[in-house]
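Asker: need a 3D model of the sequence below.
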Amino acid sequence: MREADLDEIMRIELRAYPFPWTRGIFRDCMHAGYPMWVQERDGEIVGYGVLSIGVEEAHVLNLCTAPGSEGQGLGRRMLQALLRVARGFGSQRVFLEVRPSNPRAIALYDASGFNEIGRRPRYYPAANNGREDAIVMAMELLSDDITKMPPL
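Answerer: This next block holds a predicted model:
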């Protein structure tokens, strides 16, 4: 992901989420040096992912497929790429949060080997000035997990 991608990314982000990240959040992640990737099809961005790396841990901060491109395996491929990057940095486990109201994402994470390890009460903003819990999920990255993944 590059600064020049942000216009396209923001168009996707604004369509995909009722409470999207701001351009400033993406820019801050870039300046912090977080691994950030885009997926392209026919020269257009159709998905992206943002990962933070810590000591032996990684955190999926944002994983998005453009509305209208869901169900084509793009999210799965992006998640696999992020897991490979995490392993390349020496991460032994990966964490993420997901809204309970996002069953498609939960199914992707379950199928990819993540397990629910807890909840963060009132983590996400929700409609009508409300809040929604986050499901916290984690995956242990064993050395052969990545090599068993299908190619991208």
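Asker: where does the prediction get shaky in this protein?
Answerer: 143-152 (pLDDT under 70).
Asker: ranges for the helices of it?
Answerer: 6-16, 23-31, 74-88, 103-111, 143-147 (DSSP state H).
Asker: elements contacting the second one?
Answerer: When contacts are defined as 3 or more C-beta pairs under 8 Å, 6 or more residues apart in numbering; DSSP states H and E, helix 23-31 packs onto helix 6-16, strand 36-41, strand 44-54. In this view, the C-beta of every residue, glycine as well, is placed from N, C-alpha and C.
Asker: again, 7 Å this time
Answerer: Other elements packing on helix 23-31 under the criterion 3 or more C-beta pairs under 7 Å, 6 or more residues apart in numbering; DSSP states H and E are helix 6-16.
Asker: give me the nearest residue to Glu97, chain neighbours excluded.
Answerer: In space, and not counting its chain neighbours, Glu97 is closest to Ala134: 3.9 Å by C-beta to C-beta, 6 or more residues apart in numbering.
Asker: tell me how many other residues surround the closest residue to Cys64 other than its chain neighbours.
Answerer: Take Cys64 and drop its neighbours on the chain: the residue closest to it by C-beta to C-beta, 6+ apart is Ala16, 5.3 Å away. When neighbours are counted by other C-beta atoms under 10 Å, Ala16 registers 15.
Asker: just list whatever residues bridge to the residue nearest in space to the middle of the chain.
Answerer: In the chain, the C-alpha nearest the mean C-alpha coordinate belongs to Leu63, at 2.5 Å (C-alpha atoms, centre = their mean). When assigned by DSSP bridges, Leu63 has beta-bridge partners Gly49.
Asker: one step back: quick one: the residue nearest to Glu97 and Arg120 touch, right?
Answerer: Yes. Here Ala134 lies in contact with Arg120, judged by C-beta atoms under 7 Å, at a distance of 4.2 Å.
Asker: and the closest residue to Ala105 other than its chain neighbours, bridged to which residues?
Answerer: Leaving out its chain neighbours, the residue that sits closest to Ala105 by C-beta to C-beta, 6+ apart is Val98, at 5.0 Å. Beta-bridge pairing for Val98 (DSSP bridges): Ile135.
Asker: distance check, Val98 against Phe114.
Answerer: Here Val98 is placed at a distance of 9 Å from Phe114 (C-beta to C-beta, to the nearest Å).
Asker: overlap in contacts, the two.
Answerer: Counting by C-beta atoms under 7 Å, 6 or more residues apart in numbering, the common neighbours of Val98 and Phe114 are Met137.
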